[in-house]
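J.: only geometry, no sequence info:
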């Protein structure tokens, strides 16, 4: 290739226009030549495992259920996760759950637990692991397990528990919390012991 120019500036411009595309092409080719190989399939096994786990467990994220019991108590149940039982389709295994019972005049009982089993056929929930129940002013209870009758709006505890009230602490073999028309009813039976803490004047 031969060029003829009348002045040196024109010669410089033509050479620059010729050389720059060649240099750019060479730099671009080195990117592909020296770049590391990326295996796009590396993330696929992880994705397949997640999908397979969700399909296998049929897990629901943040489920929410609500209804009204026979005595007019509004019941709401929410959880972090819920999955159907492999042997019984009427049963849901739930994690990090909250159950709220609300009477007609807005009195509430709140139950929280780490684990639970919801039986749709029997309309009952059995909760366990760090179970806490709060009701009425200054009533607090901690237990290992609690059964909530969603049809009747009743919560019962027949395992070891400790409750704290405005009067003091109460230990008993059984406890029942029932939502009635305009209030809450808490009944202790089977070896009831009250430790009274009088209020200071």
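T.: Received, thanks. Since this is a predicted model, take the numbers as computed values, not measurements. Numbering: from 1, shown residues only.
J.: tell me which helix or strand in this structure has the weakest average pLDDT.
T.: Sorting the helices and strands of the chain by mean pLDDT, DSSP states H and E puts helix 44-57 at the bottom, at a mean of 50.
J.: next SSE after that helix?
T.: Next helix or strand after helix 44-57 toward the C-terminus (DSSP states H and E): strand 59-61.
J.: so which residues of the protein form helices?
T.: Using DSSP state H, the helices of the chain run over 8-34, 44-57.
J.: what about residue 198, distance to residue 145?
T.: Distance of residue 198 to residue 145, given as CB to CB, to the nearest Å: 32 Å. Yep, even glycine has a C-beta here, placed from its N, CA and C like the rest.
J.: higher neighbour count, these two?
T.: Each of residue 198 and residue 145 has its neighbours counted (other CB atoms under 10 Å); residue 145 has more, 18 against 7.
J.: residues touching the more buried one, list them.
T.: 126, 127, 128, 131, 157, 158, 159 (CB atoms under 8 Å, 6 or more residues apart in numbering).
J.: kindly state the beta-bridge partners for the first one.
T.: Right, residue 126. In this entry, residue 126 is beta-bridged to residue 117, residue 147, by DSSP bridges.
J.: ok, it to residue 81 distance?
T.: 17 Å.
J.: same question for the fifth one.
T.: According to CB to CB, residue 157 stands 24 Å off from residue 81.
J.: between these two, who's got more neighbours?
T.: Neighbours were counted for residue 157 and for residue 81 using other CB under 10 Å; residue 157 has more, 23 against 16.
J.: would you mind measuring from that one to residue 170?
T.: Taking CB to CB, one finds residue 157 at 12 Å from residue 170.
J.: now swap in residue 91 and tell me
T.: Counting by CB to CB, the separation of residue 91 from residue 170 is 32 Å.
J.: between these two, which has more neighbouring residues?
T.: The residue with more neighbours, out of residue 91 and residue 170, is residue 170; 20 against 16, by other CB under 10 Å.
J.: please name the bridge partners of the more buried one.
T.: residue 163, residue 194.
J.: quick check: it touching residue 193?
T.: Yes: counting by CB atoms under 8 Å, residue 170 touches residue 193, with 7.1 Å between them.
J.: so where is this structure shaky, pLDDT-wise?
T.: Within the chain, the segments meeting pLDDT under 70 span 1-58, 137, 160, 181-182, 199-201.
J.: swap the cut-off to 50 and go again
T.: 1-6, 35, 40-41, 43-49, 51 (pLDDT under 50).
J.: grab the nearest non-local neighbour of residue 196.
T.: Of all residues not flanking residue 196 in the chain, residue 168 sits nearest, at 4.5 Å (CB to CB, 6 or more residues apart in numbering).
J.: tell me the spacing between that neighbour and residue 111.
T.: In terms of CB to CB, residue 168 sits 22 Å off from residue 111.
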